[in-house]
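Trainee: the sequence isn't on hand, but the structure is:
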């Protein structure tokens, strides 16, 4: 009975209990003010998306109006037609760029989730020599931006002979620590008694990880999928890929944007295309993202 009571009063249960208490203590006026503030912040965050959407359908004569207008007087699809005509003049077909993007995004996202969760499982549920030091190193590694690690990554990929291949873009992303950090903090919340029961029933470590831990960590790995997808979708290959046949779609579109003022309308259409897919993925899975952020920061 004591074990059952302990599980019911765990950190997640205490979190929702505090939320219910705060909800009872708030008055109607407080809820109204909070709703208005959240609505204003929501509109403010939607402003860039709306401006990108509107600009993609503006004719060239309306793009440079100052102050900028949030509506379109004469909507047109000429920006998209111009983008299509420019891409058709390339030596490499558009389908090849799309294929490269799908390969990089798919393998990068899947590898990040798989390796991050597999490494997080022993760090979260087992104690072994050096486990605390590894957890500290993971936290410290989050402080380094990609610009700091760009040169070391290039040197490593060059020594491995992976320059101008997909692996030069995939391996640094798959080996990142953000996914490991998120998955580890979520797995810590899983009761140890549940894993012990699975061992008694004859489950091995991989079965416990795949059939018990991963389903319980669904919000965490969906959040990781979104974050990794957004990163890989927008990657241009940087200095790792030189072959035109291996470059992703984002690289080609970024080159179109740098064509000068005459391509401002095309740049607006490109921005809309690059934003739509990540935003759609986030909107579909936003509930899991919120649940992950609410539980991953709970103190053990």
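Mentor: Good, I have the coordinates. This is a predicted model, so every value here is computed, not measured. Numbering: from 1, shown residues only.

Trainee: at the geometric centre of the chain, which residue sits there?
Mentor: Most central in the chain under Cα atoms, centre = their mean is residue 227, positioned 0.8 Å from the mean C-alpha point.

Trainee: please list all residues in contact with it.
Mentor: Neighbouring residues of residue 227 by Cβ atoms under 8 Å, 6 or more residues apart in numbering: 178, 179. (C-beta placed from N, C-alpha, C; glycine too.)

Trainee: distance from stretch 109-122 to the middle of the chain?
Mentor: Taking Cα atoms, centre = their mean, to the nearest Å, one finds stretch 109-122 lying 14 Å from the centre of the chain it belongs to.

Trainee: number of nearby residues for residue 170?
Mentor: Counted with other Cβ atoms under 10 Å, residues neighbouring residue 170 total 20.

Trainee: next SSE after the helix or strand encompassing the residue nearest to the centre of the chain?
Mentor: Assessed by DSSP states H and E, residue 227 sits inside helix 218-233. Moving toward the C-terminus from helix 218-233, the next helix or strand (DSSP H and E) is helix 249-257.

Trainee: which residues are contacting that next one?
Mentor: Helix 249-257 is contacted from outside by 83, 86-87, 90, 94, 97-98, 100-101, 233-237, 241, 263, 266-267, 270-271, 273-274, using Cβ under 8 Å, 6+ apart.

Trainee: one more time with 10 Å, if that's ok
Mentor: Contacting residues not belonging to helix 249-257 are listed as 82-83, 86-87, 90, 92, 94, 96-102, 104-105, 232-238, 241, 244, 247-248, 263-264, 266-271, 273-274 [Cβ atoms under 10 Å, 6 or more residues apart in numbering].

Trainee: narrow those residues to those in helices?
Mentor: In this view, those that belong to helices under DSSP state H are 82-83, 86-87, 94, 96-102, 104-105, 232-233, 264, 266-271, 273-274.

Trainee: list the buried residues for stretch 149-169?
Mentor: 153, 154, 157, 162, 165, 166, 167, 168, 169 (16 or more other Cβ atoms under 10 Å).

Trainee: can I get those residues in TSV with secondary structure?
Mentor: Listed next are these as TSV, based on DSSP: H, G, I helix; E, B strand; the rest coil:
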residue	secondary structure
153	helix
154	helix
157	helix
162	coil
165	coil
166	coil
167	helix
168	helix
169	helix
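
Trainee: if you drop the residues flanking it in sequence, what lies closest to residue 179?
Mentor: Distances taken as Cβ to Cβ, 6 or more residues apart in numbering place residue 116 nearest to residue 179, at 3.1 Å, with adjacent residues excluded.

Trainee: average pLDDT across the helix or strand hosting the one you found?
Mentor: Assessed by DSSP H and E, residue 116 sits inside helix 94-125. Per-residue pLDDT values over helix 94-125 give a mean of 88.

Trainee: tilt between that helix and helix 249-257?
Mentor: Per axes from the mean of the first three to the mean of the last three Cα atoms, to 10 degrees, the angle that helix 94-125 makes with helix 249-257 is 130 degrees.
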